[in-house]
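Peer 1: build me a model:
(one chain, ligands or ions: 1)
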Amino acid sequence: MPTSIGQSHKWQERKHLQSTPGDADQLKDFRLQVLTQLQTTLDVEQILRIFHAELQQLVPLAGCDYHLPGQSISLNLGDTGRHRCSYQLSLNDEDYGEIAFTRNRRFQERELTLLESVMGLLIYPLRNALSYRRAIDTAMIDPLTGLSNRGAMAMTLNREIDRSRRHHQDMSILMIDIDHFKALNDRYGHLTGDDVLRQVARLMDGAIRGCDACFRFGGEEFLIVLSNSNLPLARLVAERLRQTVYNETRSPDPNNPITVSIGVAHYENEVDWPELVNRADQALYEAKQAGRNRVVASHVRSVDGEWLL
Ligand SMILES: Nc1nc2c(ncn2[C@@H]2O[C@H](COP(=O)(O)OP(=O)(O)OP(=O)(O)O)[C@@H](O)[C@H]2O)c(=O)[nH]1
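Peer 2: Purely as a prediction, here's the structure:
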């Protein structure tokens with residue numbers, strides 16, 4: 001098992017010494033080219049790919065790893081080599097993570113000086129991309145429950161529908177609504193209502209698989225996307241969630257447990273997600289009409305396109 005041989009460096013903004021005057025011009029052109037490339041995107045992974053690829057012109061490298069634990073970012077590009085040199089990136093005392101380059105040949109002093117001299121090119125584009133990513137993430141989160149919001153839901157549904165269509169994969173959704181929530185709010189106040197919303201969100205999010213996703217649809221409604229799930233499986237999941245909420249949510253009124261009604265819809269080649277969500281919503285309406293605290297599944301299509309009950 002090859003061991004990794006590390007050379008670690010702290011990169012901070014400062015002027016670098018140039019080696020020879022001839023190199024200086026080439027390096028200047030190179031820096032300009034890299035900077036131009038890095039400014040073409042605000043995607044963190046893309047920035048690192050560009051940087052890694054451009055650096056190959058300066059120093060042969062195998063892999064590039066980047067880690068920023070604070071934002072849960074961990075990327076490994078290219079192949080991993082036995083020798084490694086890493087840079088801790090920071091600017092104005094702000095930590096921008098660690099970037100490491102690896103290859104099987106030892107790094108020469110001159111190569112390390114070259115790498116260090118261009119490391120500063122990465123920091124501003126990377127900082128901008130990280131801020132952008134943070135802003136997008138925040139905009140996609142519902143602040144009350146911590147679940148992803150409706151904007152994120154639309155993106156996920158578009159992606160899942162596209163995948164189901166292309167790979168002929170099953171996909172189902174659950175539309176979930178807390179029963180008699182208005183009465184609970186009116187009787188115990190909005191803060192208690194908020195607490196119930198948070199509990200239900202946490203229970204459901206914790207009860208689904210990692211590949212599924214739970215969103216706050218709005219108000220006291222939630223939507224769950226179940227990848228790779230046919231209708232019977234989706235019904236089972238829905239029934240399990242219904243029971244979990246019933247058994248585990250702390251209700252302010254011991255005589256009235258918190259319950260949910262759930263509408264289930266399997267993807268039946270709808271053109272876009274609102275059509276699919278409409279069917280789940282219709283099934284949810286039927287669950288409410290039938291007495292609440294229950295699961296109702298929407299119809300499926302037969303092979304010749306007829307709707308079956
Ligand atoms: N506490 C709290 N309440 C909310 C929030 N968003 C929506 N609501 C309340 O949720 C309630 C929804 O009421 P309705 O749509 O009448 O539904 P319901 O009382 O649950 O009745 P059914 O769905 O028919 O069982 C309203 O009173 C809203 O004010 C929120 O973020 N926090």
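Peer 1: residues near the closest residue to the ligand within the chain, how many?
Peer 2: Nearest to the ligand in the chain, going by CB to the nearest ligand atom, is G193, at a distance of 2.7 Å. Quick note: C-beta positions are derived from backbone N, CA and C, even for glycine. By the measure other CB atoms under 10 Å, the count of residues near G193 is 19.
Peer 1: correct me, but it touches N185?
Peer 2: Yes: applying CB atoms under 8 Å, one finds G193 in contact with N185, separated by 4.1 Å.
Peer 1: I'd like to know how many residues surround the nearest residue to V59 once chain neighbours are set aside.
Peer 2: Nearest residue to V59 in three dimensions, chain neighbours excluded: E111, at 4.6 Å (CB to CB, 6 or more residues apart in numbering). E111: 18 surrounding residues under other CB under 10 Å.
Peer 1: check which helix or strand E111 maps to.
Peer 2: Per DSSP states H and E, E111 falls inside helix 109-139.
Peer 1: surely R31 meets L121?
Peer 2: Yes: under the contact definition of CB under 8 Å, R31 touches L121, with a separation of 6.0 Å.
Peer 1: who has more neighbours, these two?
Peer 2: Each of R31 and L121 has its neighbours counted (other CB under 10 Å); L121 has more, 20 against 15.
Peer 1: show me what contacts that one?
Peer 2: Under the criterion of CB atoms under 8 Å, 6 or more residues apart in numbering, the neighbours of L121 are R31, V34, L35, L38, F51.
Peer 1: from those residues, which land in helices?
Peer 2: R31, V34, L35, L38, F51 (DSSP state H).
Peer 1: give the contact list for the third one.
Peer 2: In this case it means L35. Counting by CB under 8 Å, 6+ apart, L35 touches L121, P125.
Peer 1: where's the dip in pLDDT among the ones in helices among the contacts of L121?
Peer 2: Among the ones in helices among the contacts of L121, R31 has the lowest pLDDT, at 91.
Peer 1: which element is the closest residue to F107 other than its chain neighbours on?
Peer 2: Leaving aside its sequence neighbours, F107 sits nearest to C85 (CB to CB, 6+ apart; 5.1 Å). Using DSSP H and E, C85 maps to strand 83-91.
Peer 1: neighbouring strands - and their directions - for that strand?
Peer 2: Strand 83-91 has these partner strands in its sheet, going by DSSP bridges: strand 5-11 (parallel), strand 94-103 (antiparallel).
Peer 1: between those, which gets the lowest average pLDDT?
Peer 2: Among the strands paired with strand 83-91, strand 5-11 carries the lowest mean pLDDT (a mean of 56).
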